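Colleague: Next input, structure requested:
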Amino acid sequence: MTHRYYAKIKSIGNLIKLKTVISSSLISLISLLIFSTLALAEGGGRYLSQDAWSFGVMADTQWTIAEDTLNPNFVAGSILTQVDNEFIRHGVKFVIALGDMSDRAKEGAMATRAEYAKALYDAGIGFFPMRGNHETYGWLFSKTPVENEIAELLDNFPQTKKEMFGVSNLSSPTTLDRKYNDELKGLSYSFDFGQENNNVRFVFLDTEDVRCEAKDSNSDGSTSPFQSMECKNYPIPSQQDWINDRLNKSSRNTTHAIVLAHRVPISQNHTDSPFNPNTLFGQKAYGLDHNPEAQNIFFESMYINGAKLYLGAHDHIHHRSIIKSPDGKFKFQEVIAAGLSTKFYEPAPIPNPKKDRQGNITIPDQWSGQKSREIPLSQESKNIGYYVYTVDGPRLIAEYYSDAKGHFQSGNSYPYGDNNPKYPKGVTPGLNFIKKETFGYSLNGREFLVKQGEPYTAVQDSMGKTKAGIIAGFNSSVAKDGNNRGLTKSIETGWVKSPDQINLKSNIFSIWGMSELGSNGRTDIYVLSVSIDKNKIPSLKKGKIGVATFVNGKWVNAVDENFGGEKKFIVGKYEPRYGLGTYGIDPKTKTAWAVLNYNADFAVAADMEQLSTDGE
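Modeller: Numbers count the residues shown, from 1 in each chain. So this is what the prediction gives:
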């Protein structure tokens, strides 16, 4: 099987600005050229099969200030057009929108949002939406019944009810109410994508209002948007049987499973939860501690079926964390997506008291004391961003891109406030998207949570005859989130079986998670050790064998891709006095080692380009 280069692209957000729709075949060619010809001096690369494929994720495309010709029906068209071009450039198979596609669910909003997906369709890229809470706000802004809003969404996006764009096994839950047994059809839905052993089951969960009725009316018989409303929604517990069936790894026949919803179990700003039923219009029964027994069941279903990611939105903050079930037995990674909106939130404080108009505390902590179940990994607020996820067998590689400048101001102050003639208020500037971080996991690897100040030496893994691990280095980060919590590093490992190539002397070891957001892929200095297949050990000529990474279609000396350092070859074991760029072979333990400061795919290789250069 041949493979292609997948390098760490440092800054190509504006390399290609597509002003017209380009055919899908030309887009594929451009993507191939970008990812196969840019040889970077630093940061290593990934070794992907030709069967690898990608999908994009966006969230919260709300235009919250006065609508205009570029942003009609409160859809952030001026942002969407730029991000759609980014997805076209990346050559993704389809794009997922995680809800709140318009700020107001007025009549025509979903038709407008569908128009902004046309560039994707014309490029051969699918689009799969879901509702957020703003898709239910017709009562507030235009008195449009929720049922009408749902009908408009389904009319404009038939792909939620019909197999399109190459998906299969489309399913929606059947609700228990006989009168409304198809109420969730096309709202909560699930499908498969990809070839055998390289595919994903996606499970979209809609927990928003499906029906609302005013409990009271005014004296003249009219209703008010802010009146008490009686609403119906389907929180996660009411869909759990369908979720179990769709996640079941013994019957689903997909490699990966990913759960997606607008609301998340543990958010950063909002205090609502997808486990809660609605009470009043526009509000949910608040508290992350709601129905812990049902939460335990959901977390267990995710965990035992190998569903490692829950993708959500709603907070307009990029945030990754490991979250645990209320009983502490099960966990998964939650990724809250940055928004494509003119609304920017900050993380709410911990604890988060609620006060009345007189300043009296009415709720001591709106988080209900549940934040202890969350381990924060990464966070960025006040920015516009999107995601590209690449699937390659058991491995899933995620990239987060956001504007290089960032620090946007919210609402009427968008983008950069007063007294800034270069950026007039209410006008979206040209966005310069750069890769802020790469993270991932592999189903044949392991996860290691390393707190600040702790050593990386717990990171040890093996596949077949190959053992790999970190033998020196520690987490020197002092980065904190918006609540002054130190960020933990979730280090993920994975494996690719060594292909039939003469110069590889081990299986291929993947590692993610040691770099920080905005570090350009740079990590702490650490020492990676990889065992050499005893049946493939060549003559140990000085500098002729060592730890390598895959760059531009070649296996090259891993230390050549470091950020700085001095290259030096050693025969013998690693010693603490060796600096960045030192690499060697330990004949006694039959291992190769290298002092590195980036994450990538690594293997032991021999007689490769650059390996013996300057090896004295």
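Colleague: Which parts of stretch 297-305 count as buried, going by neighbours?
Modeller: For stretch 297-305, a neighbour-count test (16 or more other Cβ atoms under 10 Å) marks I297, F298, F299, S301, M302, Y303, N305 as buried. To be clear about C-beta, it is placed using only N, CA and C from the backbone, and glycine gets the same treatment.
Colleague: correction: stretch 548-566
Modeller: 548-552, 554-563, 565.
Colleague: How far off centre is it?
Modeller: Taking Cα atoms, centre = their mean, to the nearest Å, one finds stretch 548-566 lying 27 Å from the centre of the chain it belongs to.
Colleague: of the buried residues of stretch 297-305, closest to Y583?
Modeller: Minimum distance to Y583 across the buried residues of stretch 297-305 is 38.5 Å, recorded for Y303 (Cβ to Cβ).
Colleague: Isn't that closest one up against D327?
Modeller: No. Using Cβ atoms under 8 Å, Y303 makes no contact with D327, being 11.6 Å away.
Colleague: Could you single out the nearest of the buried residues of stretch 548-566 to E208?
Modeller: Closest to E208, out of all of the buried residues of stretch 548-566 and judged by Cβ to Cβ, is F550, at 44.1 Å.
Colleague: Helix or strand for that closest one, just tell me which one.
Modeller: strand 545-551 (DSSP states H and E).
Colleague: Could you do T144 as well?
Modeller: Per DSSP H and E, there is no helix or strand for T144.
Colleague: what sits against it?
Modeller: Contact partners of T144, counting by Cβ atoms under 8 Å, 6 or more residues apart in numbering, are A105, K106, E107, G138.
Colleague: Could you export these to a markdown table, including columns for distance to A261, neighbour count and secondary structure?
Modeller: Shown next, in a markdown table, are those (distance: Cβ to Cβ, whole Å; neighbours: other Cβ atoms under 10 Å; DSSP: H, G, I helix; E, B strand; the rest coil):
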| residue | distance to A261 | neighbour count | secondary structure |
| --- | --- | --- | --- |
| A105 | 18 | 30 | coil |
| K106 | 24 | 21 | coil |
| E107 | 26 | 13 | coil |
| G138 | 21 | 24 | helix |
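Colleague: From the buried residues of stretch 297-305, pick the one nearest V388.
Modeller: Using Cβ to Cβ, the buried residues of stretch 297-305 come closest to V388 at M302, 22.8 Å.
Colleague: which SS class is the closest one?
Modeller: helix (DSSP: H, G, I helix; E, B strand; the rest coil).
Colleague: With adjacent residues omitted, what lies nearest to it?
Modeller: Leaving out its chain neighbours, the residue that sits closest to M302 by Cβ to Cβ, 6 or more residues apart in numbering is F332, at 5.0 Å.
Colleague: residue ranges for the helices of the protein, please.
Modeller: Using DSSP state H, the helices of the chain run over residues 24-37, 77-90, 109-115, 118-122, 138-141, 146-156, 240-247, 292-304.
Colleague: Any chance of the ones you listed in CSV with distance to L504 as columns?
Modeller: CSV is the format used below for the helices of the chain (distance: least, Cβ to Cβ, whole Å):
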stretch, distance to L504
helix 24-37, 20
helix 77-90, 29
helix 109-115, 48
helix 118-122, 39
helix 138-141, 59
helix 146-156, 50
helix 240-247, 36
helix 292-304, 34
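Colleague: can you tell which of the ones you listed is closest to L70?
Modeller: Of all those, helix 77-90 comes closest under Cβ to Cβ, at 4.3 Å.
Colleague: circling back: thought the residue nearest to M302 was touching N305?
Modeller: No. If you go by Cβ under 8 Å, F332 and N305 don't touch, sitting 10.4 Å apart.
Colleague: The closest residue to D100 other than its chain neighbours - how many residues pack around it?
Modeller: The shortest distance from D100 to any non-neighbouring residue, by Cβ to Cβ, 6+ apart, is to G132 (3.5 Å). Residues near G132, counting by other Cβ atoms under 10 Å, number 28.
Colleague: Quick check, G132 in contact with H316.
Modeller: No. Counting by Cβ under 8 Å, G132 sits too far from H316 to count as a contact (11.0 Å).
Colleague: Overlap in contacts, the two.
Modeller: With Cβ under 8 Å, 6+ apart, G132 and H316 have common neighbours D60.
Colleague: Tell me which stretches of the stretch 151-300 of the chain form strands.
Modeller: 168-171, 189-193, 200-205, 209-214, 229-233, 256-261 (DSSP state E, counting those that start in this stretch).
Colleague: Could you export these as a markdown table, including mean pLDDT and distance to Y423?
Modeller: Putting the strands of the stretch 151-300 of the chain into a markdown table (pLDDT from 0 to 100; distance: least, Cβ to Cβ, whole Å) gives the following:
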| stretch | mean pLDDT | distance to Y423 |
| --- | --- | --- |
| strand 168-171 | 98 | 44 |
| strand 189-193 | 98 | 39 |
| strand 200-205 | 98 | 36 |
| strand 209-214 | 83 | 37 |
| strand 229-233 | 80 | 39 |
| strand 256-261 | 98 | 33 |
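Colleague: Which of the ones you listed sits closest to Y441?
Modeller: strand 256-261 (9.3 Å).
Colleague: Quick one: work out the angle between that closest one and strand 189-193.
Modeller: 150 degrees (axes from the mean of the first three to the mean of the last three Cα atoms, to 10 degrees).
Colleague: For strand 256-261, name the packing helices and strands.
Modeller: Other elements packing on strand 256-261 under the criterion 3 or more Cβ pairs under 8 Å, 6 or more residues apart in numbering; DSSP states H and E are strand 200-205, helix 240-247, strand 309-312.
Colleague: Pull up the pairing partners for that strand, direction included.
Modeller: Paired with strand 256-261 in the same sheet, following DSSP bridges, are strand 200-205 (parallel), strand 309-312 (parallel).
Colleague: got the contact list for it?
Modeller: Outside strand 256-261, the residues that touch it by Cβ under 8 Å, 6+ apart are 96, 98, 130, 199-207, 236, 243, 246-247, 249, 274, 302, 305-312, 391, 396, 443.
Colleague: on that earlier part again, can you redo the helices and strands packed on strand 256-261 as JSON lines with distance to H256?
Modeller: Shown next, in JSON lines, are these (distance: least, Cβ to Cβ, whole Å):
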{"stretch": "strand 200-205", "distance to H256": "4"}
{"stretch": "helix 240-247", "distance to H256": "11"}
{"stretch": "strand 309-312", "distance to H256": "8"}
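Colleague: any chance of those in JSON lines, plus mean neighbour count?
Modeller: As requested, these are exported to JSON lines (neighbours: other Cβ atoms under 10 Å):
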{"stretch": "strand 200-205", "mean neighbour count": "24"}
{"stretch": "helix 240-247", "mean neighbour count": "19"}
{"stretch": "strand 309-312", "mean neighbour count": "24"}
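Colleague: quick one on the thing from earlier: on contacts alone, who are the packing partners of the strand holding F550?
Modeller: In terms of contacts (3+ Cβ pairs under 8 Å, 6+ apart), strand 545-551 is packed against strand 3-7, strand 45-49, strand 554-557, strand 582-586, strand 591-598, strand 601-606.
Colleague: quick one, that strand and strand 591-598 angle?
Modeller: Using the same axes, to 10 degrees: strand 545-551 against strand 591-598 is 40 degrees.
Colleague: now strand 545-551: how far from the chain's centre is it?
Modeller: 28 Å.
Colleague: List the pairing partners of it within its sheet, with orientation.
Modeller: strand 554-557 (antiparallel), strand 601-606 (antiparallel).
Colleague: Select, out of those strands, the one closest to K435.
Modeller: strand 601-606 (16.9 Å).
Colleague: how far does the closest one sit from the chain's center?
Modeller: For strand 601-606, the distance to the chain centre is 28 Å (Cα atoms, centre = their mean).
Colleague: What lies in contact with that strand?
Modeller: 44-47, 468, 496, 498, 503-511, 528, 530-533, 538, 544-550, 555, 558, 592, 611.
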